[in-house]
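Q: Requesting a structural model of the entry that follows:
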Amino acid sequence: MSFTNFDNIENKNMIEEKELRDDLGQRIRKARLSQGYTQAQLAELAGLSPKYITLIETNNVNVSLGALIDIANALGESMEYFFAENNSEDIKKLPLKERVAVEELIRNLLE
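A: Got it, this is the predicted structure:
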């Protein structure tokens, strides 16, 4: 029995997770800048450290769900903004099984 297919799936999931994290950092930065906030101002509003905001925006840390909620609230954005906006067309292009998994992940994060 070969585990090659499993290894390929695991590697693909790791790549997709990194892309999601990278996109998340960019979306947070975009929302922050559109509101005219510095990283320090956003950090203060969200109750986080400026260094943590920098690490999130530069994709050098996995953001916790609690911190993401605090950032969304500070920016007046919904959690959907960070995961769904402009990605709906990309999600629709995924194979059915993967699309269902992504949609379920987003729903779970928003609960």
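Q: my guess is residue 47 meets residue 70, correct?
A: Yes - contact status for residue 47 versus residue 70: in contact at 5.8 Å, counting by Cβ atoms under 8 Å. All C-beta atoms are positioned from the backbone trio N, CA, C, and that covers glycine.
Q: More neighbours: these two, which one.
A: residue 70 (18 against 12; other Cβ atoms under 10 Å).
Q: Tell me where this structure has helices.
A: Per DSSP state H, the chain carries helices over the ranges 4-34, 39-46, 50-57, 65-75, 79-83, 88-93, 96-110.
Q: Of these, which shows the lowest average pLDDT?
A: Lowest mean pLDDT within the helices of the chain: helix 88-93, a mean of 62.
Q: Can you report how many residues lie near residue 44?
A: So residue 44, with other Cβ under 10 Å, has 15 neighbours.
Q: And it, how far from residue 107?
A: 31 Å (Cβ to Cβ, to the nearest Å).
Q: repeat for residue 83
A: Taking Cβ to Cβ, one finds residue 83 at 10 Å from residue 107.
Q: Of the two, which one has the most company?
A: residue 83 (20 against 10).
Q: Count the neighbours of the residue nearest to the more buried one when sequence neighbours are not counted for me.
A: Leaving aside its sequence neighbours, residue 83 sits nearest to residue 106 (Cβ to Cβ, 6 or more residues apart in numbering; 4.9 Å). Residues within reach of residue 106, counting by other Cβ under 10 Å, total 16.
Q: and what of residue 43?
A: Residue 43: 22 neighbours (other Cβ under 10 Å).
Q: tell me the contacts of it?
A: Contacts for residue 43 were tallied using Cβ atoms under 8 Å, 6 or more residues apart in numbering; they are 49, 50, 52, 53.
Q: Are any of these buried, and if so which?
A: The neighbour-count test (16 or more other Cβ atoms under 10 Å) marks 52, 53 as buried among the contacts of residue 43.
Q: any chance of the contacts of residue 43 in a markdown table, plus distance to residue 99?
A: Compiled in a markdown table, these are given as follows (distance: Cβ to Cβ, whole Å):
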| residue | distance to residue 99 |
| --- | --- |
| 49 | 36 |
| 50 | 37 |
| 52 | 32 |
| 53 | 31 |
